[in-house]
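Student: What would the 3D arrangement of this be:
(chains A, B, C and D)
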There are 2 protein chains.
Amino acid sequence: MKKLRISIENVKNLLEAKGVKPSFQRISVLKYLLQENNHPSVDTIYKNLVSQIPTLSRTTVYNTLKLLSEKEVISTLSISNTDLRFDFVGEPHDHFQCNTCGKIYDIYEISDFSELKTVDGHQVQEMQLHLKGTCNRCLESLN
Amino acid sequence: MKKLRISIENVKNLLEAKGVKPSFQRISVLKYLLQENNHPSVDTIYKNLVSQIPTLSRTTVYNTLKLLSEKEVISTLSISNTDLRFDFVGEPHDHFQCNTCGKIYDIYEISDFSELKTVDGHQVQEMQLHLKGTCNRCLESLN
DNA sequence: TATAAATTTGTAATGATTACAAATATAGAA
DNA sequence: TTCTATATTTGTAATCATTACAAATTTATA
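Tutor: The predicted structure is shown next:
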């Protein structure tokens, strides 16, 4: 939830390290994702960037996110039933979505399935623990 | 994945116990869900039932699933990025979706967060562990 | 039976995502 | 540098799941 300061140079290096050519649009999208740390939707990303990049196309945002996902720079969350949500692939963590305000929070230190490679003969490649309920802010405002 | 035999009478009682008036359509939808045990999409449910109920409307399937969800007879899975998937609310379990064939399998005996009520001050009401990878059938057919 | 309420239905609208081809930018060779 | 091929971006149109909504039908009740 906290906004970080990320340099363009860092994002550029990150992309190159993952084999993605660091175009201006790609740097912008990934930088936004890292800075906001907010699990944004495609629409949120687009609306925030189009003010800085007036020629930006929604399709470019889709293309970029798909590419970054394939290169495992980011991961696609399926926690929302209405739209795609994205997250940087960093330290493993889980997610909590508030049923009231819709915000998605990072949750650390609950699950540890890191050693889990196979279940019932299925080969496990990714795992996500989704928690839902009422977040602490919404709980407060109920009082 | 196994197909069960469920009597209409059982489904009717189940609906009434949860405070849902057991109309023919509602019984049909829930019976299908219980029988197939397959986490079907709305479209799958509709297509399978419309042969028996030619007048069935897709909207009715949506309405019914929404109602059953509200009454906590079924739960809505957010494991698929493309459509809604549904599951009967029975014994707690997790889900594994195959990236190759798209099938969703029930997984028992991995996670136990049953005592988890609060995380970082957020009130937890539901939780889903989503595993993704390659299922045992698809692994076999790769050889 | 008559009336009101609940349920179902079909169509149209919405909104996210994808397909696709034209336009633009980038990289490499001559 | 210029030319050419390749990669990237863009905008529009198509697709597909879901929702809105009002008419039609069914069910319950008086």
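Student: Extract the residue ranges of chain A that are flagged as low pLDDT.
Tutor: Residues of chain A meeting the criterion pLDDT under 70: A:1-2.
Student: Which helix or which strand is home to the closest residue to residue A:53 other than its chain neighbours?
Tutor: Leaving aside its sequence neighbours, residue A:53 sits nearest to residue A:28 (CB to CB, 6 or more residues apart in numbering or on different chains; 6.2 Å). Glycine gets a C-beta too; all of them are placed from N, C-alpha and C. Residue A:28 is located in helix A:24-36, with elements delineated by DSSP states H and E.
Student: got the contact list for the residue nearest to residue A:53?
Tutor: Contacts of residue A:28 were listed using CB atoms under 8 Å, 6 or more residues apart in numbering or on different chains, and they are A:49, A:52, A:53, A:56.
Student: In helices, which of those residues appear?
Tutor: Counted as lying in helices by DSSP state H, out of those, are residue A:49.
Student: Looking at the contacts of residue A:28, which one is closest to residue A:94?
Tutor: The closest of these to residue A:94 turns out to be residue A:49 (CB to CB; 27.6 Å).
Student: Centroid-nearest residue for chain A?
Tutor: The centre of chain A sits closest to residue A:87, judged by CA atoms, centre = their mean, with a distance of 1.5 Å.
Student: Over to it. Which of the three states is it?
Tutor: Secondary structure, DSSP: H, G, I helix; E, B strand; the rest coil: residue A:87 is strand.
Student: can you redo the contacts of residue A:28 as TSV with neighbour count?
Tutor: Shown next, in TSV, are the contacts of residue A:28 (neighbours: other CB atoms under 10 Å in any protein chain shown):
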residue	neighbour count
A:49	18
A:52	9
A:53	14
A:56	19
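Student: a markdown table for the contacts of residue A:28, including distance to DNA strand C?
Tutor: Supplementary listing: those in a markdown table, determined by distance: CB to the nearest atom of the strand, whole Å:
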| residue | distance to DNA strand C |
| --- | --- |
| A:49 | 15 |
| A:52 | 16 |
| A:53 | 12 |
| A:56 | 12 |
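Student: so which pair among the contacts of residue A:28 is furthest apart in space?
Tutor: Greatest spacing in the contacts of residue A:28, by CB to CB: A:52 and A:56 (8.2 Å).
Student: Tell me which residues of the longest strand seen in chain A come out buried.
Tutor: For chain A, the longest strand by residue count, based on DSSP state E, is strand A:122-134. For strand A:122-134, the neighbour count (16 or more other CB atoms under 10 Å in any protein chain shown) marks A:122, A:123, A:124, A:127, A:128, A:129, A:130, A:131, A:132, A:133, A:134 as buried.
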